[in-house]
Structure formats: structure tokens, C-alpha cells
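Participant: structure, please.
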Amino acid sequence: MVNVLAYGAMVLDKAKASRGLRRIPERTLLRLALVGGSAGTVLAQRMVRHKTRKEPFRSQLIRIIALQIVAIIALSIAMIVVELPEALWNSIVSLTRGGS
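Facilitator: Alright, predicted model coming up:
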């Protein structure tokens, strides 16, 4: 849902820019990306060619995406590590009961 909102905000900002109207603050667009709308933001960048070269927006969006990737990797590793003791215990219990 956040990606749809982020995409819509980018498209709306592009339309406002084209008409010379008051724009959506970059901070708002970046916050939408930070809370999970980075895919929608990047898709809108590509589809409507909006803020593709604008600095520091572009660099900040890249940092947000990198942070999200690191967070996903860290959470994935944490889930594996948390599950590891349980899997090890199940293996030990299975072996002591004569299982394979």
C-alpha cells in the first residue's frame, strides 16, 4: 500500500511541477520511500521520469534503498540464527530417539 501511495505522490508531484503549482516536499517523498515505498518511488522515477537527476534527492533515495537492503539481510540472518538452535535441538532429540 505504501508503494502505491509513494508512486502516486511522485506522479502527482510531477504533474504539479509541469503546471507550476505548489509541489510535494522532497522530505515527504523520501519519508514515503523510507517507510516502505522505495519500490513505488523508483518505479515512478522511471515511468514518469521524475527526479532522476535531482540531487540530493537521488543520493538520499539510494541510501534509503541500501539501508532497506541491509535491514532485510540482517533480519534474514537473525531469523536463520534464531531458528538454528531449535533445528539443532530437534536433530539431537531425533538422534537420541533413534530417528534418522
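Participant: chain center to stretch 72-86: distance?
Facilitator: With Cα atoms, centre = their mean, to the nearest Å as the basis, stretch 72-86 stands 19 Å off its chain's centre.
Participant: what comes up buried for the helix or strand Ile80 falls within?
Facilitator: Under the criterion of DSSP states H and E, Ile80 resides in helix 57-96. If you call a residue buried by 16 or more other Cβ atoms under 10 Å, then helix 57-96 has these buried ones: 57, 60-61, 64-65. (Each C-beta comes from the backbone N, C-alpha and C, glycine too.)
Participant: burial of Gly8, as a residue count?
Facilitator: As a burial measure, Gly8 scores 14 neighbours (other Cβ atoms under 10 Å).
Participant: cool, and Asn3?
Facilitator: 18.
Participant: how about it, what does it touch?
Facilitator: Asn3 is in contact with 36-40, 43, counting by Cβ atoms under 8 Å, 6 or more residues apart in numbering.
Participant: filter those residues down to the ones in helices?
Facilitator: The members of the contacts of Asn3 that map onto helices under DSSP state H are 38-40, 43.
Participant: show me which of these are buried.
Facilitator: Among those, the ones that count as buried (16+ other Cβ under 10 Å) are 38, 40.
Participant: from the ones in helices among the contacts of Asn3, pick the one nearest Val4.
Facilitator: Checking the ones in helices among the contacts of Asn3 against Val4 by Cβ to Cβ gives Gly40 as the nearest, at 6.2 Å.
Participant: residues contacting that closest one?
Facilitator: Contacts of Gly40 by Cβ under 8 Å, 6+ apart are 2-8, 10, 32-33.
Participant: ok, so what distance separates it from Val93?
Facilitator: Going from Gly40 to Val93 by Cβ to Cβ, to the nearest Å gives 46 Å.
Participant: what of Gln68?
Facilitator: Distance of Gln68 to Val93, given as Cβ to Cβ: 38 Å.
Participant: likewise for Lys54?
Facilitator: As judged by Cβ to Cβ, Lys54 and Val93 stand 58 Å apart.
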